[in-house]
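1. The following comprises the amino acid sequence and a computationally predicted model.
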2 protein chains.
Amino acid sequence: MLLAADCVAGYGLYLDLIAPLVADKPTLRSGMMKEVERVESAIECAMAGRSCALVSSGDPGIYAMAGLVFETCARKGIRVLRPEAGDAQAAEGSALQVEVVPGVPALCAGAALLGAPLTHDFAVVSLSDLLTPWERIAERLEAAARADFVVVIYNPRSRKRDWQLGRARDILLAHRPPETPVGIVRAAMRPDQDVRIVSLAELDPAAVDMQTVLFVGSRSSGRYLEFMYTPRGYAGKYAIGA
Amino acid sequence: MLLAADCVAGYGLYLDLIAPLVADKPTLRSGMMKEVERVESAIECAMAGRSCALVSSGDPGIYAMAGLVFETCARKGIRVLRPEAGDAQAAEGSALQVEVVPGVPALCAGAALLGAPLTHDFAVVSLSDLLTPWERIAERLEAAARADFVVVIYNPRSRKRDWQLGRARDILLAHRPPETPVGIVRAAMRPDQDVRIVSLAELDPAAVDMQTVLFVGSRSSGRYLEFMYTPRGYAGKYAIGA
């Protein structure tokens, strides 16, 4: 997909990470908080007849750009077609063929580095209140904590958002024992990767940054040596290790 | 990893799907419901000094085998080491080096085929009550529905479990409008792939099988032509399409 595209659009850092694949293709490079402009440029490029690859880190459909492509097309009344529709149908009446290419999301990369925290039901919550009111975020954390989901936390903290993770920890602590394991994965699979497991009670928001994803165990998640995992329930049914 | 392994263990169908990669390596092949035996065989093989790749479909950490590896080692008192520990440390005192290789989970493959249903907070629930009591599953569905998560449903139905999806739909309908979009993806990225979008009210459990993953929209998820997406909230903050 990327190699076949005429043009590549993305956040500057991500384009740098894939520089060998981009090679000398024209790029549409933009900064943080410029998501709307980035997606509009990519759509304009593609509507002008050049194929455009819009890159995200991880999976493009999880807290990333894929949703904004559809949202923008819907609002602008741009007809979108499935990739299998064929070029003839796309050419007729200026429609846009959209193919979302799935990837390995940070929640899978981080889980793999920790062990296996997501082998049972889990909920994924972003703590960014830039686009979602905090009350809604707190309500979701509360619901997930109460119903004993493993909770994956994206966007836990940034320079400007420094209190949300402490509040999230307190909401979770009201429903989970203080020794609940919390996996903290920073920059998964990148050179500055860092993996730690702490208890929920000792989770220090100051030690977490924007590139971090957290995994808060359910009531059955455990730690074994340097790993964290959530049992699926086989032990209750079969005699493991007996 | 797979190419470097001395031996490959897995569910028969999955070994068949990767036959060209397995080539003439010895395999530990087992059937459904034989997960405990499969994992024990793989661990025994590795403890005997041969490297063993244990394969799952999608991501090995999401409702798959990775958790059972750690659970089994913890119960049997087998010391596990991180992959970076080095062979010398592993040889000393018969420990097992474990590396979990993340993959593209069915929730990402399915979401990509539907459009972008997971661009905002979501909860993932398995309807299989073989290892989890139904009351716990129902409580999680209720919590996720109430807190307006997009809900991803794994293991919706099998030949023996035929009533759970209808109950799940009724729980969700109590908190979501009947026109809420539901994406139904069967056998994502395989030859017999099938992708449909229906409304929550018209969701027919009889049309769903074991190989299917469902995506129930949040209150803000929408349909646009043949796609389903969940807005991140940019439209409220920026003037998209203005």
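-> Arrived safely, thanks for sending.

2. Okay, now the unreliable bits of chain A?
-> Scanning chain A for pLDDT under 70 picks out A:87-93, A:235-242.

3. any idea where the strands of it begin and end?
-> For chain A, applying DSSP state E gives strands covering A:7-11, A:27-30, A:52-54, A:80-81, A:96-97, A:115-116, A:122-126, A:150-154, A:181-186, A:194-199, A:212-216, A:222-224, A:227-229.

4. quick one: contacts of the fifth one?
-> Spelled out, that is strand A:96-97. With CB atoms under 8 Å, 6 or more residues apart in numbering or on different chains as the test, strand A:96-97 has contacts from A:43, A:46-47, A:73, A:78-83, A:85, A:87, A:90. Every C-beta, even on glycine, is put in place using the N, C-alpha and C of the backbone.

5. out of those, which are buried?
-> Among the contacts of strand A:96-97, those buried by neighbour count (16 or more other CB atoms under 10 Å in any protein chain shown) are A:Ile43, A:Ala46, A:Cys73, A:Ile78, A:Val80, A:Leu81, A:Arg82, A:Ala90.

6. what subset of the residues you listed is also close to chain B?
-> Contacts with chain B within the buried ones among the contacts of strand A:96-97, counted by CB under 8 Å from any CB of the partner chain: A:Cys73, A:Val80, A:Leu81, A:Arg82.

7. which residues does the residue lying closest to the first one once chain neighbours are set aside contact?
-> Sequence neighbours aside, A:Val80 is the residue nearest to A:Cys73 in space, at 5.0 Å (criterion: CB to CB, 6 or more residues apart in numbering or on different chains). Counting by CB under 8 Å, 6+ apart, A:Val80 makes contact with A:Phe70, A:Cys73, A:Ala95, A:Leu96, A:Gln97, A:Val98, B:Tyr224, B:Leu225, B:Glu226, B:Phe227.

8. Kindly recompute the last result at 10 Å.
-> A:Val80 sits next to A:43, A:69-70, A:73-74, A:90, A:95-98, B:115, B:224-227 when contact means CB atoms under 10 Å, 6 or more residues apart in numbering or on different chains.

9. Separate out the buried members of the residues you listed.
-> Buried members of those, counted by 16+ other CB under 10 Å: A:Ile43, A:Val69, A:Phe70, A:Cys73, A:Ala74, A:Ala90, A:Ala95, A:Gln97, A:Val98, B:Gly115, B:Tyr224, B:Phe227.

10. Setting aside sequence neighbours, what's the nearest residue to the third one?
-> Spelled out, it's A:Phe70. Residue nearest to A:Phe70 in three dimensions, not counting chain neighbours: B:Tyr229, with 3.9 Å by CB to CB, 6+ apart.

11. same question, A:Thr132
-> B:Gly233 (5.7 Å).

12. So that neighbour sits against B:Ser218, correct?
-> No. Counting by CB atoms under 10 Å, B:Gly233 stays clear of B:Ser218, with 11.4 Å between them.

13. Out of those two, name the residue with the larger neighbour count.
-> B:Ser218 (23 against 19; other CB atoms under 10 Å in any protein chain shown).

14. Relative to B:Glu202, how far out is the more buried one?
-> 18 Å (CB to CB, to the nearest Å).

15. go on, A:Glu135?
-> 32 Å.

16. swap in A:Thr180?
-> For A:Thr180, the distance to B:Glu202 equals 40 Å [CB to CB].

17. ok, those two, which is more surrounded?
-> A:Thr180 (24 against 11).

18. give me the number of residues near the residue nearest to the more buried one when sequence neighbours are not counted?
-> Of all residues not flanking A:Thr180 in the chain, A:Leu200 sits nearest, at 4.2 Å (CB to CB, 6+ apart). Neighbour count of A:Leu200, defined by other CB under 10 Å: 18.

19. what's near enough to touch the residue nearest to A:Val39 when sequence neighbours are not counted?
-> Spatially, and ignoring its direct neighbours in sequence, A:Val39 is nearest to A:Leu68 (4.7 Å; CB to CB, 6+ apart). Shown in contact with A:Leu68 (CB under 10 Å, 6+ apart): A:35-36, A:38-40, A:42-43, A:54, B:116, B:119, B:229, B:231-232, B:234-235, B:238, B:240.

20. Show the buried residues in these.
-> Taking 16+ other CB under 10 Å as the criterion, what is buried in those is A:35-36, A:38-40, A:42-43, A:54, B:116, B:119, B:229, B:231-232, B:234-235, B:240.

21. What about these, which are in helices?
-> Counted as lying in helices by DSSP state H, out of those, are A:Glu35, A:Val36, A:Arg38, A:Val39, A:Glu40, A:Ala42, A:Ile43, B:Tyr234, B:Ala235.
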